[in-house]
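Asks: Only the shape, not the letters, is given here:
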RNA sequence: ACGGGCGUAGCGCAGUCUGGCAGCGCGUCUGGCCUGGGACCAGAAGGUCGUCGGUUCAAAUCCGACCGUCCGUACCA
């Protein structure tokens, strides 16, 4: 991509209505645009990064047998009335709207109800199990107060997978695989070191659920981390019994602020009972399907990476999610020699399948460098009169700042 | 939902206390000069001072309501 053609512009200052670091940097660098409080559009750079995160999650979900679907955001109230989650008393952050005929519909904040209802058409027998279905979906939550940029919006992207098993044992086995897939996802997007499997309240069907919490002061959750065992406990459930269950000592725990980037939990038969999702077992007996739910917000993950990896100059993306692999910065000379060499290099790299953002703009070196730092592509190649004389390219690592000269 | 802050050019702000010509910086456009860290010089364009109402000879400025937005607290299946 030639930067002169990229429609987004960087800006020197953050808009005054953003305090959250992730939103400030992502807006300044031209990744996102704020539409209103808690609702952000993704621009070309931002969409590329979001798509990389989505791609990683998709690979890991497919690897554990997940099948992707795309459900509707509009929700039929009858599924939600069946589980008692339609009323505003039960769920206080519904977005609801009306059809022309006056019937009320909702905008989905999660999809247990409609998917359970959908699966009734496709699960009849134990032979139809197990199944695990997932989607990437825009979710709507009518938060009383949006905050923290893309870490907590009213509209956001969510990957939600739901598992369907014949018995608790099969469910537990899948749950464990999903947990490991999540660990892998957070490693791959560059958050592995600071993301902890965190024990949280389990609801009525299991003792615990598991949250994936990334350490950052920008987070809203307080967790207690055992760094040696690489596990954590959410403050909400911290007590002696839990400590005993997990085999950790209170003295080993450190209090930390964290953002919940993922959450998995067992649903038991709550939804299958309420919506009548049953199957015939080998003896011909009808039994409810055992379910689980597994969520990750890709947009929140993106904000979290921005939050924890950035430095004072701007964003710093891990290679796996960066919008481009190389930022080619050309410092043009009068004669046009640098321009020709840079154009050639850009063509060559692009043909090889390398994703290159080529700064071919007619502006000062300082501006190009500042923009490059702000945008945060992991590797910067500089081509100038100076480097051409040595028939070389200056290669700089955005994260470490390490510079080396490589042959052109 | 409660408490607090903010709303003036595309962006960041001053001006509001004490009513009296709509300002500055960045960005944009023109021309010049530059070209390894957001350079410099000259010129130009750009405004419903959030909205509605009130007070006044006169309102960005005072009063009221509303809207938007941020922070904190509460909430977060």
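Replies: Great, that's in hand. Values in this document were obtained by computation on a predicted structure and should not be read as measured data. Residues are numbered from 1 along each chain as shown, chains lettered A, B, ... in the order given.
Asks: How about the residues of the stretch 201-350 of chain A by RNA strand B?
Replies: A:203, A:220, A:265, A:313, A:331, A:332, A:333, A:334 (C-beta under 7 Å from any atom of the strand). (Each C-beta comes from the backbone N, C-alpha and C, glycine too.)
Asks: want to try JSON lines for those residues, with neighbour count, secondary structure and pLDDT as columns?
Replies: Formatted as JSON lines, these follow (neighbours: other C-beta atoms under 10 Å; DSSP: H, G, I helix; E, B strand; the rest coil; pLDDT from 0 to 100):
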{"residue": "A:203", "neighbour count": "14", "secondary structure": "coil", "pLDDT": "78"}
{"residue": "A:220", "neighbour count": "12", "secondary structure": "coil", "pLDDT": "92"}
{"residue": "A:265", "neighbour count": "21", "secondary structure": "strand", "pLDDT": "94"}
{"residue": "A:313", "neighbour count": "15", "secondary structure": "coil", "pLDDT": "95"}
{"residue": "A:331", "neighbour count": "20", "secondary structure": "coil", "pLDDT": "95"}
{"residue": "A:332", "neighbour count": "19", "secondary structure": "coil", "pLDDT": "93"}
{"residue": "A:333", "neighbour count": "14", "secondary structure": "coil", "pLDDT": "91"}
{"residue": "A:334", "neighbour count": "7", "secondary structure": "coil", "pLDDT": "88"}
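Asks: out of these, which one sits closest to residue A:5?
Replies: residue A:332 (16.6 Å; C-beta to C-beta).
Asks: thinking that closest one is in contact with residue A:362, fair?
Replies: Yes: at 7.0 Å, residue A:332 and residue A:362 qualify as touching, with contact defined as C-beta atoms under 8 Å.
Asks: closest point of the stretch 301-408 of chain A to RNA strand B, which residue?
Replies: Taking C-beta to the nearest atom of the strand as the measure, the stretch 301-408 of chain A has residue A:366 as its residue closest to RNA strand B, at 2.4 Å.
Asks: List the contacts of the closest residue to residue A:376 other than its chain neighbours.
Replies: Distances taken as C-beta to C-beta, 6 or more residues apart in numbering place residue A:315 nearest to residue A:376, at 3.1 Å, with adjacent residues excluded. Remark: with contacts taken as C-beta atoms under 8 Å, 6 or more residues apart in numbering, residue A:315 is in contact with A:25, A:26, A:29, A:31, A:306, A:309, A:374, A:375, A:376.
Asks: related to what we said a few turns ago, turn the residues of the stretch 201-350 of chain A next to RNA strand B into a markdown table, columns for distance to residue A:79.
Replies: Output for those, formatted as a markdown table (distance: C-beta to C-beta, whole Å):
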| residue | distance to residue A:79 |
| --- | --- |
| A:203 | 19 |
| A:220 | 30 |
| A:265 | 19 |
| A:313 | 49 |
| A:331 | 60 |
| A:332 | 61 |
| A:333 | 66 |
| A:334 | 69 |
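Asks: Quick check: buried residues in stretch A:297-314?
Replies: Of the residues in stretch A:297-314, those scored as buried under the neighbour-count criterion (16 or more other C-beta atoms under 10 Å) are A:297-310, A:314.
Asks: what do you get for stretch A:76-87?
Replies: Within stretch A:76-87, the residues that qualify as buried by neighbour count (16+ other C-beta under 10 Å) are A:76, A:79, A:80, A:82, A:83, A:85, A:86.
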